[in-house]
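*Asks:* coordinates for the following, if possible.
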Amino acid sequence: MKRNSRFFTALASILACAILLCACSSQDHLVPGGSNALTEESVVPEYDTLCSAWILCPGGATSNGFYRVVTNADATGNIIYYDYDSRQTVFLSDQINSTHRDETDTSFLPSVYGGAEAMSDGHFVYILKMSSPGALRHGLEQSAAQGTLYRIGLDGQDRQVIFLPLTQDILPSTGVVSRDGELYFLVQETTGSESAPVLMKTDFETGRATAVFSFEADVSPSLIGHCSLGLLFSIYDRETDSQTLSVFQEDTMRFQPMDFPCKENEFVLDSTDGVIYFIPRKDAHAVFRYDPQNGQSLEIAPIPTITEYDRLYLSGHIVDHHLFLELESSETGKLLRYALDLEQRTWHEQHLVDGDTPVQIYADSSSEYLVRLEDQVVEYLDYTPDGVPVTNEMLAPHYVLIAKEDYWNNRPNYQEFTDHVSSRLLLDVPSSSAS
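*Replies:* Numbers count the residues shown, from 1 in each chain. Predicted structure coming up:
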């Protein structure tokens, strides 16, 4: 990552303030990439699955912190950062005393209309803003309607942007895979009256995204990640009502179908080693492992048998070599949650809840997990109908850290972040400036 002298000079000053005044307001500008962060791996892997579906993307996780996009009332946004080392939540900005509400600030996003998610491969932060043609009907600028992709340094510097044409809509179900700092993703491209899905690849240096492969109009592909053979797709053919797991090999520009019955199994990809774990839908007695490279399926572990629970779900994504399973009673609606240690092949019954919410892992650091609790009440800047600023309250996502040992032993010893963000978000606008 290119080091920006202005950023690191500012960061050094901020850290000095933090040492002398632990409650100093300038702490809200701690950002990753300096002495408060470990060095990320310098070699970009061949492929890296950032998420298996944009709509389910948990955020941008690295070993040192977590990136997320927050939305302001005027449909602008900000990138915020949860720093594990300092236990602070900050704007991804090097500007002391910034309002974080214009493009001079590195955390600012001029439009997140339609939704935007952060993700990371440990080398860059990527932001995918969804296409939203309806923005034009509401009188917004074209940039609000366009799908937009950002590649940003971990410290918020060196931003590069790609605007997609209005004829290309990013598919909310698309997974996102990175390779050498570029992204693969799916769009629905419309030409006249015809519309079909297209696999795209970014070129951030030129500010363009180009088509890699165009699908037939009667198929619905889902980019779910990668394996050792290439990009992994689940492809549904509406004409034959069939679903196929296939690998796309970019060097040959061909799809290789896998001998894996998608419709008969509930499955989840382990993005760390490119294998699939699945449960047969009809005879859900065990968890199996399917390796696309050799086409073999192996039974990993029998599923706990509890007679009153008659529905099974694979939950979320695989974290730290653990697969998560939910058992539900159709009669009572009660849930049991288990985690399968894929290395030891042992089950852990999970009892950590916050209110009625199961405590789920969003990111993995060396000795801790970032988990999400029930939404919390925070204060924010609001305005009366005549434009007078007042303090109001809202519900906001509540992320905390927990030691891995405590998590697996169901001990709710949570470590809170000091929040320097929520009180400074623009969650309403004065009536005089609202459109």
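*Asks:* sketch out the helices for the stretch 1-150 of the chain, chain order is fine.
*Replies:* Using DSSP state H, counting those that start in this stretch, the helices assigned to the stretch 1-150 of the chain run over residues 5-20, 134-137, 142-145.
*Asks:* how deep is the closest residue to Tyr369 other than its chain neighbours tucked in, by neighbour count?
*Replies:* Once flanking residues are discounted, Tyr369 sits nearest to Ile361: 4.7 Å by Cβ to Cβ, 6 or more residues apart in numbering. Any C-beta I mention is one placed from the backbone N, CA and C, and that applies to glycine too. Using other Cβ atoms under 10 Å, Ile361 is surrounded by 21 other residues.
*Asks:* which residues does Ile361 contact?
*Replies:* Applying Cβ atoms under 8 Å, 6 or more residues apart in numbering to Ile361 gives the contacts 319-320, 369-371, 407.
*Asks:* confidence-wise, which of the helices of the stretch 1-150 of the chain is weakest overall?
*Replies:* In terms of average pLDDT, helix 5-20 trails the rest of the helices of the stretch 1-150 of the chain, at a mean of 42.
*Asks:* and the residue nearest to Tyr369, how far is that from Gly156?
*Replies:* Separation of Ile361 from Gly156 (Cβ to Cβ, to the nearest Å) stands at 26 Å.
*Asks:* and what of Asp283?
*Replies:* 50 Å.
*Asks:* neighbour count: those two, which is higher?
*Replies:* A direct count of neighbours by other Cβ under 10 Å for Asp283 and Gly156 places Gly156 higher, at 25 against 8.
*Asks:* check contacts around the nearest residue to Asp419 once chain neighbours are set aside.
*Replies:* Of all residues not flanking Asp419 in the chain, Thr89 sits nearest, at 4.9 Å (Cβ to Cβ, 6+ apart). The neighbours of Thr89, taking Cβ under 8 Å, 6+ apart as the test, are 80-83, 399, 417-421.
*Asks:* in a markdown table: these, plus pLDDT and distance to Tyr67.
*Replies:* As requested, the contacts of Thr89 are arranged in a markdown table below (pLDDT from 0 to 100; distance: Cβ to Cβ, whole Å):
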| residue | pLDDT | distance to Tyr67 |
| --- | --- | --- |
| Ile80 | 96 | 7 |
| Tyr81 | 97 | 6 |
| Tyr82 | 97 | 8 |
| Asp83 | 97 | 11 |
| Tyr399 | 96 | 12 |
| Phe417 | 96 | 14 |
| Thr418 | 95 | 17 |
| Asp419 | 91 | 15 |
| His420 | 90 | 15 |
| Val421 | 89 | 12 |
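*Asks:* of those residues, which pair is most distant in space?
*Replies:* Tyr399 and His420 (13.8 Å; Cβ to Cβ).
*Asks:* which SS class is the residue of the chain positioned farthest from its centre?
*Replies:* Among the C-alpha atoms of the chain, the one most distant from their mean position (Cα atoms, centre = their mean) is that of Asp386, at 38.4 Å. Recorded secondary structure, Asp386: coil (DSSP: H, G, I helix; E, B strand; the rest coil).
*Asks:* residues in contact with stretch 49-62?
*Replies:* Under Cβ under 8 Å, 6+ apart, the answer for stretch 49-62 is 32, 40, 66-68, 117-122, 125-126, 128, 130, 154, 170-178, 183, 185, 222, 224-226, 268-269, 271, 317, 362-364, 370.
*Asks:* and stretch 108-118, what's its mean pLDDT?
*Replies:* 94.
*Asks:* again, but for stretch 90-103
*Replies:* pLDDT averaged over stretch 90-103 gives 89.
*Asks:* what comes up buried for it?
*Replies:* Within stretch 90-103, the residues that count as buried by 16 or more other Cβ atoms under 10 Å are 90-95, 98, 100-101.
*Asks:* inside strands: which ones of these?
*Replies:* The strands, defined by DSSP state E, take in 90-91 from the buried residues of stretch 90-103.
*Asks:* can you give me the end-to-end span of stretch 280-288?
*Replies:* By Cα to Cα, to the nearest Å, the extent of stretch 280-288 from end to end equals 8 Å.
*Asks:* show residues contacting that stretch.
*Replies:* The contact list for stretch 280-288 (Cβ under 8 Å, 6+ apart) reads 264-266, 277-279, 297-303, 312, 323, 325, 340.
*Asks:* stretch 248-263 now?
*Replies:* Contact with stretch 248-263 is made by 199, 212-213, 229-235, 242-247, 267, 276, 290, 292, 295, 297, as judged by Cβ under 8 Å, 6+ apart.
*Asks:* can we see that at 10 Å?
*Replies:* Residues outside stretch 248-263 that contact it (Cβ atoms under 10 Å, 6 or more residues apart in numbering) are 47, 179, 184, 199, 201, 212-213, 215, 221-223, 226-227, 229-236, 241-247, 267, 276, 278, 280-281, 290-293, 295-297.
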